[in-house]
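>>> output the structure for:
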Amino acid sequence: MKLLVLGGTHHVGRAIAETALERGDEVTTLNRGLSRPPAPGVRALLADRTDPEAVTAALGDGEWDAVIDTWAWAPRVVAHSARLLAGRAGHYGYVSSRGVHRWPWPAGADESAPLVDGDPASDDSADYAAAKRGGELVVTEVYGERALLARAGMILGPYEDVGRIPWWLRRLEKGGRVLAPGPAEAALQYIDVRDLAAWMLRCAEGGVGGAYTATGRPRAVTVGQLLTTALEVTGFEAELVWAPADLLRQEGLSLGAELGLRLPDGSTPSGMHDANVDAAFAAGLTTRPLRDTLADTWAWLQAEGDPVPRPDAPSPDTWLDPAAEQRLLRRL
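Next comes the predicted model:
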């Protein structure tokens with residue numbers, strides 16, 4: 001395909017660009033060009049997406065078989081790109097989020113769960129859920145059945161700039177006794193960024209549209225398996241000390257919030273790790289083993305160092321202050 005990636009250098013966008021190149025697609029990216037150089041073989045266009053005139057000039061009269069948009073903030077930016085490319089792109093894939101569903105999420109929810117309100121014309125980036133929903137609305141309005149809304153769950157794997165697995169790998173690297181958010185058998189639901197990228201590209205190629213909950217199978221992995229496997233693939237010598245959720249709550253620690261096991265106030269959320277993903281798997285989604293995700297994430301961190309965190313990502317100290325960890329480890 002001739003593919004346009006709106007983004008292309010961070011996390012999901014980088015995985016999409018690199019996966020497309022591996023497939024043999026002709027890849028164009030559009031971003032500010034301020035962070036990392038484009039992947040070899042990419043045609044890089046430069047523009048600040050918040051500047052409509054700059055985007056219009058950079059894209060010129062180009063035409064593409066498919067567009068994949070990774071924008072995560074004000075929906076008016078998605079609205080401009082979607083309308084600008086109407087008639088010049090055969091498919092529009094939008095990296096959305098399960099966050100577009102109204103809270104609290106029902107257990108076992110699928111794509112039909114209630115949605116938040118969104119405004120495609122909004123310039124508000126503060127309300128993530130409303131921003132993503134606004135983007136969904138305009139992409140669907142412009143492209144109809146040619147629009148793919150990939151409502152991703154927790155996205156892990158190489159290039160992660162939210163700080164979940166990179167933070168855990170760095171903590172395990174230090175060794176010793178490591179506080180872990182219990183219970184160890186708590187289920188996790190996630191998707192490797194490269195699996196999300198490959199699936200979106202296959203959907204673009206096959207003309208698959210619609211809204212999909214794009215994450216792994218529910219109850220396929222536990223937090224205990226995640227952290228134990230991380231120790232196995234890295235060879236770190238650390239002892240996991242499991243702290244009950246009630247004890248973490250009593251201590252005012254939000255450890256586990258980074259993996260969606262609990263909310264910042266310490267309560268346990270519903271529907272976070274048991275989404276119904278039958279539709280996405282029926283549409284060709286496949287997932288790789290947890291071991292591969294963790295080993296490749298560690299290899300990336302060793303090769304490139306820690307990523308610059310996303311501006312909207314919480315500080316790691318939000319999850320676990322080192323002094324608080326040692327205090328609780330002594331109690332345990």
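
>>> show me where the stretch 101-250 of the chain has helices.
For the stretch 101-250 of the chain, the helices defined by DSSP state H, counting those that start in this stretch cover 128-143, 164-173, 193-206, 223-234, 245-250.

>>> what sits up against the very next helix or strand once past the shortest one?
As assigned by DSSP states H and E, the chain's next helix or strand after helix 245-250 is helix 278-282. Helix 278-282 is contacted by residues 110-111, 199, 210, 212-215, 217 when judged by C-beta atoms under 8 Å, 6 or more residues apart in numbering. Every residue, glycine included, has its C-beta placed from N, CA and C.

>>> which residue is the nearest non-sequential neighbour of residue 130?
residue 118 (5.1 Å; C-beta to C-beta, 6 or more residues apart in numbering).

>>> now the one you found: how far from residue 193?
24 Å (C-beta to C-beta, to the nearest Å).

>>> tell me which of those two has more neighbours.
Between residue 118 and residue 193, counted using other C-beta atoms under 10 Å, residue 193 has the larger neighbour count: 25 against 19.

>>> narrow the contacts of helix 278-282 to those that are buried.
In those, burial by neighbour count holds for 110-111, 199, 212-215, counting by 16 or more other C-beta atoms under 10 Å.

>>> could you tell me which residues make contact with residue 260?
Per C-beta under 8 Å, 6+ apart, neighbours of residue 260: 154, 188, 269, 272-273.

>>> scan these and report the most crowded one.
Most neighbours among the contacts of residue 260, by other C-beta under 10 Å: residue 273, with 25 neighbours.

>>> my read is that that one contacts residue 191, right?
No. At 12.0 Å, residue 273 does not count as touching residue 191 under the criterion of C-beta atoms under 8 Å.

>>> just the contacts of helix 278-282 now: which is nearest residue 254?
Closest approach to residue 254 among these (C-beta to C-beta): residue 215, at 22.0 Å.

>>> right, and the closest one touches residue 188 too?
No. Judged on C-beta under 8 Å, residue 215 makes no contact with residue 188 at a distance of 10.1 Å.

>>> now the helices of the stretch 101-250 of the chain in TSV, with mean pLDDT and distance to residue 292?
Formatted as TSV, those follow (pLDDT from 0 to 100; distance: least, C-beta to C-beta, whole Å):
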stretch	mean pLDDT	distance to residue 292
helix 128-143	98	28
helix 164-173	96	13
helix 193-206	98	9
helix 223-234	98	9
helix 245-250	90	29
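
>>> that older thread, shared neighbours, residue 215 and residue 188?
Listed as contacting both residue 215 and residue 188 by C-beta under 8 Å, 6+ apart are residue 154.

>>> ok, which pair from the buried ones among the contacts of helix 278-282 is furthest apart?
That would be 110 and 199, which, of the buried ones among the contacts of helix 278-282, are the farthest apart (C-beta to C-beta) at 17.0 Å.

>>> who does the residue at minimal distance from the centre of the chain bridge with?
Centroid-nearest residue in the chain: residue 155, 3.6 Å away (criterion: C-alpha atoms, centre = their mean). Beta-bridge partners for residue 155, by DSSP bridges, are residue 191.

>>> that one reaches residue 196, doesn't it?
Yes. With contact defined as C-beta under 8 Å, residue 155 counts as touching residue 196 (6.4 Å).

>>> which neighbours do these two have in common?
Common neighbours of residue 155 and residue 196, using C-beta under 8 Å, 6+ apart, are residue 12.

>>> once you drop chain neighbours, what's closest to residue 16?
Excluding its sequence neighbours, the residue lying closest to residue 16 (C-beta to C-beta, 6+ apart) is residue 197, at 4.3 Å.

>>> can you pull the poorly scored residue ranges out of the stretch 201-332 of the chain?
Along the stretch 201-332 of the chain, the parts satisfying pLDDT under 70 run over 313-317.

>>> give me the neighbour count for the nearest residue to residue 64 once chain neighbours are set aside.
What sits nearest to residue 64 in space, not counting adjacent residues and going by C-beta to C-beta, 6+ apart, is residue 4, at 4.3 Å. Residue 4 has 27 neighbours, counted by other C-beta under 10 Å.

>>> so residue 4 touches residue 89, yeah?
Yes. Using C-beta under 8 Å, residue 4 is in contact with residue 89, at 6.9 Å.

>>> and for these two, which residues touch both?
64, 66-67.

>>> just the ones in strands from the residues you listed, please.
66-67 (DSSP state E).

>>> beta partners of residue 92?
Beta bridges link residue 92 to residue 67, residue 147, judged by DSSP bridges.

>>> my guess is residue 237 contacts residue 174, does it?
No. The criterion here is C-beta under 8 Å, and residue 237 misses it with residue 174 at 10.2 Å.

>>> hang on, isn't the residue nearest to residue 130 packed against residue 141?
No. Residue 118 is beyond contact range of residue 141, at 11.4 Å (criterion: C-beta under 8 Å).
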